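Colleague: My questions are about this predicted structure, shown below with the sequence.
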Amino acid sequence: MPNESDQPEGQTRGPVVAALGYGEEGIGIVRAASAIARGEGAALDCVTVDTGEAPSPEEGELLAEAQRVARSLGARVESEPSLDLTAGVLAYARRRGASTVVAGSGARKAFRRGFSDRLRAERGELRVVAIAEPRPLGPGARPGARRQAGAGGQYLAAFLIVAVVTVLNFFLADFAGYWAAAIPFLAAISLSALSLESGPVLLAAILSGLAWDLLFIPPRYTLHISRPEDAFMLGLYFLVAVLSGLMTGRLRSSARLLAGREARMSRISSLASALAGARAVESMLSLGVEAIQEALGVEAIVILREGGGGLKQQAESGWEPLDESARDAARSSYEEGKSAGRYTKLRPDSEWHFVPMDSPRGRLGVIGVRAAHDRAWDEGLESLLRTMAATLSIAAARELAE
C-alpha cells in the first residue's frame, strides 16, 4: 500500500505523475498513480528521467513493461533529460502543473536518503506518494543484479588503481619527497572518474589518502601525523581528490547526455534536410525508411492509407509480406492513432511495432519497425521513432497536397 505524505486537502490541479525508473516496482507505481488519478478526476502522466546512463537489458525490459501498462491505461508517457533524478521528476511535474507525484521509495544507503525522501524534501506544494519496492524472490532473482555485479567490479577496479599507483609512488617518493606522492594519486582519481561511478571514485579517494598517510607521511607506517603542515596537506588532499573525482564524473555524465541528445537531433535534422530535397512521395518514403533503420537499428516499412480510408494491403517502402498479426497491429495503430504491436498492449503478438503517421492534413498511414527478438525498447527509442514518423508524415502530406 502506498504511504502518502502530509498534504492539504484539495483537488489535483493537473495530472498525477508516475515517476518510473528501472526497478521492479514500475507497474505498481503506474497502477497506484492511475487509481489516484481516477479518484481525483485527473489525467495520468508517466515520466522517466534520462540521465544518459544506459540501462541493462533486464532493466530496459522492466521499464518497457511499465510503460506498456501506462499506455494501456491512457497515460501520457514522456522522458525528461536531467543529470539528477529528483530534479528531473520535479521539473517535469511543475511544468505540467501536477500536484501529485507517485514514485518508488528507492533504496536507502548510508548517509543517503531514499528517492521518495529526496522528493519530499524538495517537493514544495507537491504531494508525494511512495510505493515500496518488491522483495526479490531469492538470491539472484532481482533483474537488476547485473548492474549490482557491475558496481562490485568498479569497486574492485578502484582498489586496484590505488594499489598500482601506491607501488609506483614508492619509487617516486625516494627522490622527489613524500609530498610528491599526492600528485599521482590525484591524477589517478581524476582519470578513474572518466569510467567509474561516484561511489568507487570516493572509495579511491579515501584509500589513496590513507595510503599516503600510512606509507609516505612521516612517521611512516602509522596513521599519526607529527607536523601540522602535513595534516593540513592531507586534509586539503582529501578535499581536492573528492571534488575533482566527483566533478569529473558529473562532466562525463553531462557530456554523455548531451551527446545522446545531439545525436538524436542530428538524425532528425538530417532526415528533414533529405526530405526537403525530395520531390516524389516514393523518394520521401524510401529516405524515411532508410533513416529510421539506421537510427534505430531495425527493419522498417511504411503502409499508406487507401482512398477509401483503410490501409493498403502492401507496404509502400521496405515491403515484405506481413502475417495476419502484423496486419491487425497496423490497422489498430492506424484506426486508434497510437502505438500498436510489439512492446504494447495493443496486438502484442505481432513481431512488428507500429506508430501512426499523423500530419496536419490527417493520418497518412503507419510506420512499422521490427527489432531483434532480444532488443529492449524504451521511451527514448519510441520518442525518436515518433518524431521521425512525424517529420516524414508532414513532408509526405505536403507533397501529396501539391
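Modeller: Here it is on my side, so go on.

Colleague: how about the strands in the protein?
Modeller: Secondary structure of the chain, counting by DSSP state E: strands at 3-4, 16-20, 44-50, 76-81, 100-104, 127-131, 299-304, 340-341, 353-359, 362-370.

Colleague: Show me the one of those strands that comes nearest T387.
Modeller: Each of those has some distance to T387 by CB to CB; the shortest is strand 353-359, at 10.1 Å. All C-beta spots, glycine's among them, are computed from the backbone N, C-alpha and C.

Colleague: And the closest one, what does it pack against?
Modeller: The contact analysis (3 or more CB pairs under 8 Å, 6 or more residues apart in numbering; DSSP states H and E) places strand 353-359 against helix 324-336, strand 340-341, strand 362-370, helix 379-401.

Colleague: List the buried residues of the longest one.
Modeller: Read that as helix 379-401. If you call a residue buried by 16 or more other CB atoms under 10 Å, then helix 379-401 has these buried ones: 379-382, 384-385, 388-399.

Colleague: what's the offset of it from the middle of its chain?
Modeller: 23 Å (CA atoms, centre = their mean, to the nearest Å).

Colleague: Just the CA trace of it, in CSV.
Modeller: The C-alpha trace of helix 379-401 is given here as CSV (Å, rounded to 0.1, in the frame of the first residue of the first chain):
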residue,chain,number,x,y,z
GLU,A,379,10.7,5.6,-24.2
GLY,A,380,13.8,7.2,-25.8
LEU,A,381,13.6,4.9,-28.9
GLU,A,382,9.8,5.4,-29.0
SER,A,383,10.1,9.1,-28.9
LEU,A,384,12.7,9.2,-31.6
LEU,A,385,10.6,6.9,-33.8
ARG,A,386,7.5,9.1,-33.4
THR,A,387,9.5,12.3,-34.1
MET,A,388,11.0,10.8,-37.3
ALA,A,389,7.5,9.5,-38.3
ALA,A,390,6.0,12.9,-37.8
THR,A,391,8.8,14.6,-39.8
LEU,A,392,8.2,12.1,-42.7
SER,A,393,4.4,12.5,-42.5
ILE,A,394,4.5,16.3,-42.7
ALA,A,395,6.8,16.2,-45.7
ALA,A,396,4.8,13.5,-47.5
ALA,A,397,1.5,15.3,-46.8
ARG,A,398,2.8,18.5,-48.3
GLU,A,399,3.9,16.7,-51.4
LEU,A,400,0.6,14.8,-51.7
ALA,A,401,-1.4,18.1,-51.4
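
Colleague: so for it, what's the average pLDDT?
Modeller: Helix 379-401 shows a mean pLDDT of 86 in the predicted model.

Colleague: From the contact counts, what lies against that helix?
Modeller: With contacts taken as 3+ CB pairs under 8 Å, 6+ apart, helix 379-401 sits against helix 57-72, strand 76-81, helix 228-277, helix 281-296, strand 353-359, strand 362-370.

Colleague: ok, and what's touching the last one?
Modeller: Going back to what we said before, that points to strand 362-370. Residues outside strand 362-370 that contact it (CB atoms under 8 Å, 6 or more residues apart in numbering): 288, 292, 296, 298-305, 311-312, 315-316, 322, 326, 329-330, 333-334, 337, 341-342, 351-358, 385, 389, 392-393, 396-397, 400.

Colleague: List the pairing partners of it within its sheet, with orientation.
Modeller: strand 299-304 (antiparallel), strand 353-359 (antiparallel) (DSSP bridges).

Colleague: That concludes my questions; thank you for your assistance.
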